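>>> kindly return the folded structure for what I paste below:
(2 chains)
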Protein chains: 2
Amino acid sequence: MRAYNFCAGPAALPTAVLEQAQSELLDWHGKGVSIMEMSHRSKDYVAVAEKAEADLRKLMNIPENYKVLFLQGGATLQFSAIPLNLLGKNSQADYIHTGIWSEKAIKEAQRYGNVHVIEAGTQIDGKTAITDPATWQFSDNAAYVHYCENETIGGLQFDHIPETQAPLVADLSSSILSAPIDVSKFGLIYAGAQKNIGPAGLTLVIVREDLLDQAKPEIPSLLKYSAQAKNDSMVNTPATYAWYLSGLVFEWLLEHGGVPAMHQINLKKAELLYGYIDSSDFYNNPIAKANRSLMNVPFTLADSDLDKLFLQEAEANHLLNLAGHRSVGGMRASIYNAVPFEGVQALVSFMDDFAKRHG
Amino acid sequence: MRAYNFCAGPAALPTAVLEQAQSELLDWHGKGVSIMEMSHRSKDYVAVAEKAEADLRKLMNIPENYKVLFLQGGATLQFSAIPLNLLGKNSQADYIHTGIWSEKAIKEAQRYGNVHVIEAGTQIDGKTAITDPATWQFSDNAAYVHYCENETIGGLQFDHIPETQAPLVADLSSSILSAPIDVSKFGLIYAGAQKNIGPAGLTLVIVREDLLDQAKPEIPSLLKYSAQAKNDSMVNTPATYAWYLSGLVFEWLLEHGGVPAMHQINLKKAELLYGYIDSSDFYNNPIAKANRSLMNVPFTLADSDLDKLFLQEAEANHLLNLAGHRSVGGMRASIYNAVPFEGVQALVSFMDDFAKRHG
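Next up is the predicted model:
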């Protein structure tokens, strides 16, 4: 049987998508070969790749003046590719710091230029929160402003899109496709696939065309957005199977009402889980309500000596991967699109039972 | 039914491997989730990753002072990563030029340092060949010597390992695991997975430990061999599913006698196909016998007006992807490990029938 999988990433995929992939794994559409055995330049594969892009454009309502790139290397390689592509001559960028992932992006960008860090994390009544944007000081000559829209490890999410003069660059790795977002407000959006898109090994970059041609001379050729855009992300062989699987996920999303419908279910899932945690004396979530992540719900037990038992019993109940990130400990339930409402119901029911027995 | 797939890459995978992947796609070893839905840091996944490496070490007899890295970005990203990691302070390297892929590596390396190009391609009696190594002039201060062991597009392969003072760096993308090779003669071996290893999206790097710590300051952090070696190729989320599938291919190879046994079958396949081509007035292979590729067999028809018909009829006979690379035209049969002897028999039988009807 399929368990409920709360892994932060590589994360759960829709069962229906895996079933389709399974059925055609050895023989794609009667062609006698697997889709992963096909040339990326074959007519059949190119059609699969183009449909995935078209479906993503539909799902996110991506304007025509944005390129969509299907790359490799994860969001982490984009931590380098973004400054190498976008810093341009002034070599200055603003980075908003809210947690572990934005910090990693900052450290890598500092290797390529001047980074003005806006410290936006704070504590309000003992809860982690994002500071008032009115207090943020942007620099005059920033090539772009970078932020991590949802800090996967901390479970901290922006409740607004920052207003900036410079192009806005967003790491949407763990929140893409979870709620509608106005792409036209961004210069660049990027996301590792392994949370809400598909399997690990694929990275999406959505970039406004006017930002394409400013790459630094030392950039590895494969990381140049302009070259990838010109070659439909096929400067070399892309991660064809991951791209295909992501296309199946996009089809599944469209069949289920697209991002608005998914957002409604995600709101219900989050309300149920946060609501239960708030009503309990046994569990605690460390984030201020306005900045709670819709996708990643960290929580602690009143007695951390029970953590191990909690995880063991959860696993016995087919509720998997609830341990918090190794850097912070505690628990975390990642409730991406592919985790159904029933999964969150089962989790809350188990948490309540556990609290009653051990609280 | 499964067709015979002669694609140069992404290429055929063993049917038995795809069947195993299919059977456990939704539920890996009774865990209730797909292997692609597992954290790369989970105990189960780490065991899969480590076994893949151990099996590869066994297959290639890799000495202990070499690190094995499972990376992303294809051989093309290594065209940048190699000079960025290995050029060091003298910033000089020798590159042997034998075809399209070595040329791509040269062009990228020239962006990072002084590249001394050794022109090693020639024509002997109208056939393409590699020049006598005694005529090659290496530079005194090269940080390394690079060559492409098998030119996938040209179908040209070295019949010896070059003797060099500087560490030898080899692109083995299309020949790795096809024949035994003495790893200890190399400083670094790299290969895109999508020919003889697994699906596209994974790149193997086998690097001698003493070469790890010379990276240039401008290198993207993710491309640093030292960092990846230290973190078991998990500086960030690797291409977990491609890594797993490659592990299944390694198991399949070990079950079938390893690389020596595969080499014997590959020799038989190549002898049959080249032998038939040589015996025919209708088909021609453009490569000198000593430098013919064991894996990629390009050939032309006596009348190129028949190319389209040849491809159509081949496809109707379940013999797929025989078109030559778009840059050279003609035909090419890639006969990697996963293409069985019976596939080459079927191809030769079809070619003979076609020649009799149209010759």
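>>> all contacts plus neighbour counts: C-alpha atoms, from now on.
Will do.
>>> can you list the buried residues in stretch A:152-160?
A:152-158 (16 or more other CA atoms under 10 Å in any protein chain shown).
>>> farthest pair in those?
Pairwise distances across these peak at 14.1 Å for A:153 and A:158 (criterion: CA to CA).
>>> does chain B sit close to stretch A:340-351?
No - between stretch A:340-351 and chain B, judged by CA under 8 Å from any CA of the partner chain, nothing touches; the nearest distance is 13.4 Å.
>>> quick one: distance of that stretch to the chain centre.
Relative to the chain's own centre, stretch A:340-351 is displaced by 22 Å; criterion: CA atoms, centre = their mean, to the nearest Å.
>>> which other residues reach that stretch?
Applying CA atoms under 8 Å, 6 or more residues apart in numbering or on different chains, the contact partners of stretch A:340-351 are A:4, A:265-266, A:268-269, A:272-273, A:276, A:314, A:317, A:319, A:335.
>>> let's see that with 7 Å instead.
A:4, A:265, A:269, A:273, A:319 (CA atoms under 7 Å, 6 or more residues apart in numbering or on different chains).
>>> where are the low-confidence patches of chain A?
Within chain A, no stretch has pLDDT under 70.
>>> need the residues of it near chain B, please.
Contact residues, chain A versus chain B (CA under 7 Å from any CA of the partner chain): A:1-3, A:7, A:9-13, A:18, A:22, A:25-27, A:32-33, A:36-39, A:72-74, A:76-77, A:80, A:199-201, A:220, A:222, A:236-240.
>>> show me those that map onto helices.
A:18, A:22, A:74, A:76-77, A:80, A:240 (DSSP state H).
>>> most widely separated two among these?
For those, the farthest-apart pair by CA to CA is A:22 and A:80; their separation is 35.4 Å.
>>> who has more neighbours out of these two?
Per other CA atoms under 10 Å in any protein chain shown, whichever of residue A:22 and residue A:80 has more neighbours is residue A:80, with 26 against 19.
>>> correct me, but the more buried one touches residue A:110?
No - with contact defined as CA atoms under 7 Å, residue A:80 does not reach residue A:110; the gap is 9.7 Å.
>>> quick check: neighbours shared by these two?
The overlap between the contact sets of residue A:80 and residue A:110 (CA under 7 Å, 6+ apart) is empty.
>>> buried ones in the lengthiest helix in chain A?
Counting residues, the longest helix in chain A under DSSP H turns out to be helix A:258-279. Within helix A:258-279, the residues scored as buried using 16+ other CA under 10 Å are A:258-260, A:262-263, A:265-267, A:269-270, A:272-274, A:276-277.
>>> that helix: how far from the chain's middle?
Centroid displacement of helix A:258-279 relative to its chain, using CA atoms, centre = their mean, is 17 Å.
>>> re earlier: of the residues of chain A next to chain B, select the buried ones using a ChimeraX command.
Here is the ChimeraX command that selects the buried residues among the residues of chain A next to chain B (16+ other CA under 10 Å):
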select /A:3,7,9,10,11,12,13,18,22,25,26,27,32,33,36,37,38,39,72,73,74,76,77,80,199,200,201,220,222,237,238,239,240
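>>> can you list the domains in chain A?
A:15-255, A:258-358 (automatic domain parsing).
>>> closest one to residue B:230 among those?
Closest to residue B:230 of those, according to CA to CA: domain A:15-255, at 16.7 Å.
>>> let me know which of the domains of chain A is tucked in deepest.
domain A:15-255 (a mean of 20; mean count of other CA atoms under 10 Å in any protein chain shown).
>>> ends of that one, what's the gap?
Using CA to CA, to the nearest Å, the end-to-end distance of domain A:15-255 comes to 14 Å.
>>> before we move on, what about stretch A:209-217?
End-to-end distance for stretch A:209-217: 19 Å, by CA to CA.
>>> who's in contact with it?
So stretch A:209-217 is contacted by A:65-67, A:84-86, A:88, A:224-226 (CA under 7 Å, 6+ apart).
>>> go on, stretch A:12-30?
The list of residues contacting stretch A:12-30 from outside it, by CA under 7 Å, 6+ apart, reads A:5, A:33-35, A:198, A:248-249, A:338-339, B:2, B:18, B:22, B:25-26, B:37.
>>> over to stretch A:128-137?
A:118, A:120-123, A:286-288, A:291.
>>> and of the residues you listed, the nearest to residue B:301?
For the contacts of stretch A:128-137, the closest approach to residue B:301 (CA to CA) belongs to residue A:118, at 65.4 Å.
>>> which is the next helix or strand following the helix or strand encompassing the closest one?
Element membership for residue A:118, per DSSP states H and E: strand A:114-119. Counting by DSSP H and E, the next helix or strand C-terminal to strand A:114-119 is strand A:121-124.
>>> contacts for that following strand?
Against strand A:121-124 from outside (CA under 7 Å, 6+ apart): A:97-98, A:128-131.
>>> in PDB, list the C-alpha atoms belonging to the strand holding residue A:118.
The C-alpha coordinates for strand A:114-119 follow below in PDB (Å, rounded to 0.1, in the frame of the first residue of the first chain):
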ATOM      1  CA  ASN A 114      28.600  43.000  -3.700                       C
ATOM      2  CA  VAL A 115      25.700  41.700  -1.800                       C
ATOM      3  CA  HIS A 116      23.600  44.000   0.400                       C
ATOM      4  CA  VAL A 117      21.800  41.800   2.900                       C
ATOM      5  CA  ILE A 118      18.400  42.900   4.200                       C
ATOM      6  CA  GLU A 119      17.900  41.100   7.500                       C
END
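>>> just checking: what are the partner strands of it?
Paired with strand A:114-119 in the same sheet, following DSSP bridges, are strand A:92-97 (parallel).
>>> for the strand it pairs with, the distance to its chain's centre please.
Computed by CA atoms, centre = their mean, the separation of strand A:92-97 from the middle of its chain amounts to 20 Å.
>>> same question for stretch A:291-300.
14 Å.
>>> any idea how far apart the tips of that stretch sit?
By CA to CA, the extent of stretch A:291-300 from end to end equals 17 Å.
>>> equivalent analysis for stretch A:323-337, please.
Start to finish, the residues bounding stretch A:323-337 are 19 Å apart (CA to CA).
>>> got the contact list for that stretch?
Residues from elsewhere that reach stretch A:323-337 (CA under 7 Å, 6+ apart): A:6-8, A:153, A:178, A:195-196, A:262, A:266, A:295-300, A:311, A:322.
>>> next: stretch A:75-92.
Outside of stretch A:75-92, the residues within contact range by CA under 7 Å, 6+ apart are A:93, A:105, A:108-109, A:112-115, A:141-143, A:190-192, A:203, A:211, A:214-216, A:219, A:223-224, B:220, B:222, B:236.
>>> if anything else comes up later, I'll come back, but that's it for now.
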